[in-house]
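**Q** Sequence and predicted model, in that order:
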Amino acid sequence: MTAHRQFARHIRPVAAPRRRASARLWPARRLAAGLPGTVLGGAAAPRLPSVAEVVAAQAPPVPLHCLRPVTLEAASRRFVGAFPGSVLYAVKCNPQPAVLRALWAGGVRHFDAASAAEVALVRGLLPAARIHFMHPVKARPAIADACRGYGVRDFAVDSADEIAKVLEEAGGRPVGLMVRLALPKGGAVWDLSGKFGAPPAEAASLLRQARAVAGRCGLTFHVGSQCLDPGAWERALLLAGSVIAEAGTAPDVLDVGGGFPVPYDDAVPPPLDDFVAAIRRGVARLGLGPSTELWCEPGRALVAEAESVVVQVLARKGDALHVNDGIYGSLSDAGPPGFRFPVRPVAAIGGPWMPFTVFGPTCDSMDRLKEPWWLPAGIGEGDWIEVGNIGAYGQALRTGFNGFDRALLAEVRDGPVPVAAARPGARVA
Ligand SMILES: Cc1ncc(COP(=O)(O)O)c(C=O)c1O
């Protein structure tokens, strides 16, 4: 059997995103619901090829996404084992069916959905999943569908109007209302303050209202994505404590949100245990009873390291490379957000390692990736580079801008691409 035929069954096209009306708009988050899923995990996992084997066999002419089911399952087992409460996976982060199934295989039973489509996706794939609708601002039909059609009971709210909306659309069914508390701007790489959440005094009033009308009520917050400081959760819990004291009623649920970080080239976070310890300390200070449920909503921490994308060099101009994926594709976080993804050549290339400027494939001059990429000096047109840790908000944010709407997906056996500190030849600056 040729290598091509041997690995062909592991490769499939990524569902083509809809074209965007305006080239300049920042890409919308998109469900990759069209991707066929594969039952993953445990002894049933097929023998998967390596990234190098897939590239050698396929010579992929478009970006090749490489999904690592073993890494996914291990990350979920580690997180579920370490967190002293319920782990709700934030579906928006990577909604591929194969990802959701691998997380389930790794022990994740709760899912944080933020749209009607995400609710339907999770329920269709995982009938026994517990789905929580944690977007604080929802369309009425989305609430009605989730509650009446899919058995969703818990809804995030951050205003009195949203509480009324949820109650009306639930049509008398018992609901849980989770009040989203606004946090001051913190040190996370991706700040999530400012758009959602009620300030402390209003959150206290909403918690009282929720207690009066809902079967159960909770308090939820988000410290921001890729938050490297465990102390951020302790500070947020201190604020939550003042809200609870002012409300005069204890929540049934305390949800410490997402934001748990993963390693990138320029940031290796403290271990997960440090974050769990900070959360334990913060919760203990609140003196809540043992019946209070503790939740969290990780996205990035569960999936980032489990996916990479292999890009091909289209042209080299001195120390600049043009590659076939960029900020309008799966590398949007390497644009203005400035994430430093780990990169490595797929095959051995000669020459000393040197820093390169890297551009994406579109005509937009903004399509330039956080630099430099450290690669061997001999790299040139046609070579493939693997960009690691794009599992969080990578494929989920891919657009078809400028006609670059094709990508491939393969499941591979490799571990995550090592970050700079553990990669020979690599430097950060
Ligand atoms: C409400 C909510 N929960 C959880 C997450 C996941 O955050 P992260 O991927 O940083 O863990 C997000 C991210 O946008 C969010 O908005």
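**A** That came through fine. This one's a predicted model, so the numbers in the text were calculated from it and none came from an experiment.

**Q** How much space separates residue 101 from the ligand?
**A** In this structure, residue 101 and the ligand are 19 Å apart, going by CB to the nearest ligand atom, to the nearest Å. Every residue, glycine included, has its C-beta placed from N, CA and C.

**Q** Confirm that residue sits in a helix?
**A** Yes. Residue 101: assigned to a helix according to DSSP: H, G, I helix; E, B strand; the rest coil.

**Q** My guess is it contacts residue 124. True?
**A** No. Between residue 101 and residue 124 there is no contact, the gap being 11.6 Å when judged by CB atoms under 8 Å.

**Q** For the two, work out which one has more neighbours and name it.
**A** residue 101 (20 against 12; other CB atoms under 10 Å).

**Q** so how far is residue 64 from the more buried one?
**A** Computed as CB to CB, to the nearest Å, the residue 101 to residue 64 distance reads 21 Å.

**Q** May I ask which helix or strand encompasses residue 316?
**A** Remark: residue 316 resides in strand 307-317, with elements defined by DSSP states H and E.

**Q** Listing partners with orientation, what would you give for that strand?
**A** Strand 307-317 has the following strand partners under DSSP bridges: strand 64-67 (antiparallel), strand 320-323 (antiparallel), strand 384-387 (antiparallel).

**Q** pLDDT wise, what is residue 19 at?
**A** Reported pLDDT at residue 19 in the predicted model: 36.

**Q** Please read the previous query as pertaining to residue 337.
**A** Looking at residue 337, its pLDDT is 90.

**Q** so the closest residue to it other than its chain neighbours bridges to which residues?
**A** Nearest in space to residue 337, with sequence neighbours left out and distances taken as CB to CB, 6 or more residues apart in numbering, is residue 190 at 6.3 Å. According to DSSP bridges, residue 225 are recorded as the beta-bridge partners of residue 190.

**Q** dump the residue contacts of residue 190.
**A** For residue 190, the contact set (CB atoms under 8 Å, 6 or more residues apart in numbering) comprises 224, 225, 226, 337.

**Q** so the third one touches residue 263, yeah?
**A** The reference is to residue 226. No. Applying CB under 8 Å, one finds residue 226 not in contact with residue 263, separated by 10.3 Å.

**Q** With neighbour numbers in mind, choose between these two.
**A** It is residue 226, of residue 226 and residue 263, that has more neighbours when counted by other CB under 10 Å, with 23 against 19.

**Q** what about the residue of the stretch 1-150 of the chain found nearest the ligand, how many neighbours?
**A** Nearest residue of the stretch 1-150 of the chain to the ligand: residue 90, at 3.5 Å (CB to the nearest ligand atom). Close neighbours of residue 90, defined as other CB under 10 Å, add up to 27.

**Q** what's the answer for residue 429, then?
**A** Residue 429 is flanked by 7 other residues according to other CB under 10 Å.

**Q** Likewise for residue 386?
**A** By the measure other CB under 10 Å, the count of residues near residue 386 is 23.

**Q** What residues are recorded as beta-bridge partners of it?
**A** For residue 386, the residues forming beta bridges with it (DSSP bridges) are residue 310, residue 344.

**Q** next structured bit after the helix of greatest length in the chain?
**A** In the chain, ranked by residue count with DSSP state H as the criterion, the top helix is helix 231-247. With elements assigned by DSSP H and E, the helix or strand that comes after helix 231-247 is strand 253-255.

**Q** So that following strand, near the ligand or not?
**A** No. Using CB under 6 Å from any ligand atom, no contact is recorded between strand 253-255 and the ligand, whose separation bottoms out at 8.7 Å.

**Q** and the residue nearest to residue 337, how far is that from residue 296?
**A** Look at residue 190 and residue 296: by CB to CB, they are 17 Å apart.

**Q** Count the residues that sit near the closest residue to residue 231 other than its chain neighbours.
**A** Nearest residue to residue 231, sequence neighbours excluded (CB to CB, 6+ apart): residue 278, at 6.3 Å. Residue 278 has 21 neighbours, counted by other CB under 10 Å.

**Q** Could you check how far residue 278 is from residue 232?
**A** Between residue 278 and residue 232 the distance is 8 Å, computed by CB to CB.

**Q** Please apply the same query to residue 353.
**A** In this view, residue 353 and residue 232 are 35 Å apart by CB to CB.

**Q** same thing with residue 135?
**A** From residue 135 over to residue 232 the distance is 22 Å, taken as CB to CB.
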